[in-house]
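Colleague: this one's structure only:
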């Protein structure tokens, strides 16, 4: 128990023994600071030892046959335990999520006895693989099309130095597929290993077609399904599917800046997601254009090897401290997760609160707040103070870097980043931070907007992705003949729950518009919400003999009006913020304004009354629709 998280262990003790004294002083954990998971709970060494000894005794009694005293705490006790485990009040509805974590996996619903219903899944990344698991469990045939040579999606393509997750490993993982993570924040190769293991465990290889690009999907009303055209090795093939799930994500098309001279540069120049596997930057002069999430990982990883590193920053990001970013997970923690009852559930729930929803209130604009130029509300202002103090600590003695690295907009206005050695890297003698954007490339370097030329042997375009151009790698044509791109335009995607849209029956999106968490947190949680919704909807349809479900326009319009109204009061619309979340009209397209718990509740139980439906084999013209 020496490596156990004390707040988590206290909750285990309460459930195993029923003894409420573990919820009283001196055992009450303090409130975590920032994104720290508070491993000691703020308890004294003596009190920590007492907790660990009691936990050993309780677990041994359980191992020897003693049943847990409280296998499922009542509502009031659950609320109290949640509050004390994180050191702050937690809304009672989060108890529903905790019940899900604490409840042993139920036997899967009997699979549908389907003889012909099939689903095309586009993409074999985190979302697409999840969809395949759940569809197959439901007895629904599926084929997953992946354009890459291997599964993994963004984790396959983004192989740059330092690539990894900025969400804790134990919540950046499927709820149903535990894993012994090597580090607290998974490295890219570790995430790929995890996804490969899941493919093996569930036998998914049989339904995945690699090196296969989906070029189009056209709805056929007469056939009540989709004609999906794929290309592999320059050979085109069209197949019929009853439904299509797009799992191409939001961050799949690199944003390549239109820089003059890009083709004239004599050395390697490439997007961060296209990092050459054989590239060695040792003793090279490297220019990195951009300071977002990928640059934040690349720069500390290559700075010690490069002769000189020049970083071009259009605008700085807020950066949170993270003591565990490179921390190793000890085998004793793997034991706790696997063998100590309730430990994994409470550990995941606490991380979920800290990283998913804890910060949500600070993202809302308070119209009465007297300092809108720097923050949104009192809590957001405290975040600003905390992050600013951390920046000044890390860049002490470097007022030049402090001035360049301090954002002038409220925290969370752009993607929040974790410090993985960024501040230490930009302090290095061989690293220059240019607080200006790159204006052009020359044959031998990069011209900055301020006029100077910076020599370079390698140029890295850490310039992000075309996040607003959702699902544009595939031509998708709906019932009316209109394409999805014609409906959405270049940058104005919208969908009911971010999952489906009128005129495109039986078409579903994973990581669709309005579903990204701008405050950080686990996308896998969101993906599980979406996949569970889609599979549940398909189950309802098939059990009632329905072939088609198309969301009602009024339902979709009402939802998206509420979504836009909610966004109007969030940080991403702050006038001082420039980010990739908003389109040219100022509408937030990519992000969700909802708390994770809200979205979980919205997607728990699909209502067929929200859809116009057709039975199997119904004549389409005239078409009689059913609720």
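Modeller: Received the coordinates, thanks. Everything numeric in this text was worked out from a predicted model, so none of it was measured. Residues are numbered from 1 along each chain as shown.

Colleague: hey, let's count contacts and neighbours off CA atoms from now on
Modeller: Noted.

Colleague: got the contact list for residue 407?
Modeller: If you count contacts by Cα atoms under 8 Å, 6 or more residues apart in numbering, residue 407 has them with 315, 316, 317, 318.

Colleague: if we take the residues you listed, which one ends up nearest to residue 15?
Modeller: residue 318 (39.1 Å; Cα to Cα).

Colleague: mind showing which ranges of this structure have poor pLDDT?
Modeller: Where the chain drops to pLDDT under 70, the residues are 106-108, 114-115, 618-627.

Colleague: domains of it?
Modeller: Domain segmentation of the chain under automatic domain parsing yields 6-92+336-357, 118-252+467-615, 262-318+412-461.

Colleague: can you verify my assumption that residue 55 contacts residue 11?
Modeller: No: in this structure, residue 55 is not within contact of residue 11 by Cα atoms under 8 Å, at 10.1 Å.

Colleague: distance of the residue most central in space within the chain from residue 541?
Modeller: Note on the chain: the residue nearest the mean C-alpha position is residue 523, at 2.5 Å, using Cα atoms, centre = their mean. Between residue 523 and residue 541 the computed distance is 27 Å (Cα to Cα, to the nearest Å).

Colleague: what is residue 213 paired to in the beta sheet?
Modeller: Beta bridges link residue 213 to residue 231 when assigned by DSSP bridges.

Colleague: let me see the contact set for it.
Modeller: By Cα under 8 Å, 6+ apart, the contact set of residue 213 is 145, 146, 147, 230, 231, 232.

Colleague: swap in residue 224?
Modeller: Contacts of residue 224 (Cα under 8 Å, 6+ apart): 242, 547, 548, 617.

Colleague: just the buried ones from the residues you listed, in PyMOL syntax?
Modeller: One line in PyMOL is enough to select the buried ones among the contacts of residue 224; burial here means 16 or more other Cα atoms under 10 Å:
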select buried, resi 242+547+548
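
Colleague: one step back: so which of the domains of the chain is nearest residue 404?
Modeller: Within the domains of the chain, the stretch nearest residue 404 is domain 262-318+412-461; the backing value is 5.9 Å (Cα to Cα).

Colleague: pretty sure residue 549 contacts residue 610?
Modeller: No: taking Cα under 8 Å as the contact criterion, residue 549 and residue 610 are not neighbours in contact, 9.2 Å apart.

Colleague: who has more neighbours out of the two?
Modeller: Remark: of residue 549 and residue 610, residue 549 carries more neighbours, 26 against 17, as counted by other Cα atoms under 10 Å.

Colleague: wasn't the more buried one part of a helix?
Modeller: No: with the criterion set as DSSP: H, G, I helix; E, B strand; the rest coil, the secondary structure at residue 549 is strand rather than a helix.

Colleague: distance of it relative to residue 503?
Modeller: Between residue 549 and residue 503 the distance, using Cα to Cα, works out to 10 Å.

Colleague: before we move on, the earlier item: in JSON lines: the contacts of residue 407, plus distance to residue 330, neighbour count and secondary structure.
Modeller: Formatted as JSON lines, the contacts of residue 407 follow (distance: Cα to Cα, whole Å; neighbours: other Cα atoms under 10 Å; DSSP: H, G, I helix; E, B strand; the rest coil):
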{"residue": "315", "distance to residue 330": "38", "neighbour count": "20", "secondary structure": "coil"}
{"residue": "316", "distance to residue 330": "35", "neighbour count": "17", "secondary structure": "coil"}
{"residue": "317", "distance to residue 330": "32", "neighbour count": "24", "secondary structure": "coil"}
{"residue": "318", "distance to residue 330": "30", "neighbour count": "24", "secondary structure": "coil"}
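
Colleague: what's the closest of the residues you listed to residue 118?
Modeller: Using Cα to Cα as the measure, the one of the contacts of residue 407 that approaches residue 118 most closely is residue 317, at 44.3 Å.

Colleague: that closest one is in contact with residue 414, isn't it?
Modeller: Yes: if you go by Cα under 8 Å, residue 317 and residue 414 touch, sitting 6.8 Å apart.

Colleague: setting aside sequence neighbours, what's the nearest residue to residue 177?
Modeller: Across the structure, with Cα to Cα, 6 or more residues apart in numbering as the measure, the residue nearest residue 177 apart from its sequence neighbours is residue 198 (7.4 Å).

Colleague: returning to what we had before: out of the contacts of residue 213, who has the most neighbours?
Modeller: Ranked by neighbour count (other Cα under 10 Å), the contacts of residue 213 have residue 146 at the top, with 25 neighbours.

Colleague: return the residues in contact with that one.
Modeller: Contacts here follow Cα under 8 Å, 6+ apart; on that basis residue 146 touches 122, 123, 124, 208, 209, 210, 211, 212, 213.

Colleague: how about residue 375?
Modeller: In this structure, residue 375 makes contact with 381, 384, 409, 410, 411, judged by Cα under 8 Å, 6+ apart.

Colleague: what do you get for residue 67?
Modeller: residue 16.

Colleague: 10 Å instead?
Modeller: 15, 16, 17, 61 (Cα atoms under 10 Å, 6 or more residues apart in numbering).

Colleague: give me the buried entries from those residues.
Modeller: 15, 16, 17.

Colleague: would you confirm that the last one contacts residue 73?
Modeller: No: in this structure, residue 17 is not within contact of residue 73 by Cα atoms under 10 Å, at 11.8 Å.

Colleague: what about the residue nearest to residue 54 when sequence neighbours are not counted, how many neighbours?
Modeller: The shortest distance from residue 54 to any residue that is not its chain neighbour, by Cα to Cα, 6+ apart, is 7.6 Å, and that residue is residue 13. Close neighbours of residue 13, defined as other Cα under 10 Å, add up to 29.

Colleague: same check, this time on residue 430
Modeller: Residue 430, neighbours per other Cα under 10 Å, totals 16.

Colleague: and it, how close does it get to residue 309?
Modeller: Distance from residue 430 to residue 309, by Cα to Cα: 6 Å.

Colleague: can you list residues touching both of those two?
Modeller: Among the neighbours of residue 430, those also in contact with residue 309 (Cα under 10 Å, 6+ apart) are 285, 303.

Colleague: strands of the stretch 351-500 of the chain, start to end?
Modeller: Under the criterion DSSP state E, counting those that start in this stretch, strands of the stretch 351-500 of the chain are mapped to 417-418, 431-434, 438-442, 445-448, 453-455, 458-461, 475-477.

Colleague: cool, and the stretch 201-350 of the chain?
Modeller: Assigned by DSSP E, counting those that start in this stretch, the stretch 201-350 of the chain shows strands spanning 208-209, 213-220, 225-232, 235-241, 243-246, 269-271, 285-289, 308-312, 319-320.

Colleague: output those as a markdown table; include the columns distance to residue 578.
Modeller: Supplementary listing: the strands of the stretch 201-350 of the chain in a markdown table, determined by distance: least, Cα to Cα, whole Å:
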| stretch | distance to residue 578 |
| --- | --- |
| strand 208-209 | 39 |
| strand 213-220 | 33 |
| strand 225-232 | 37 |
| strand 235-241 | 41 |
| strand 243-246 | 28 |
| strand 269-271 | 21 |
| strand 285-289 | 17 |
| strand 308-312 | 17 |
| strand 319-320 | 17 |
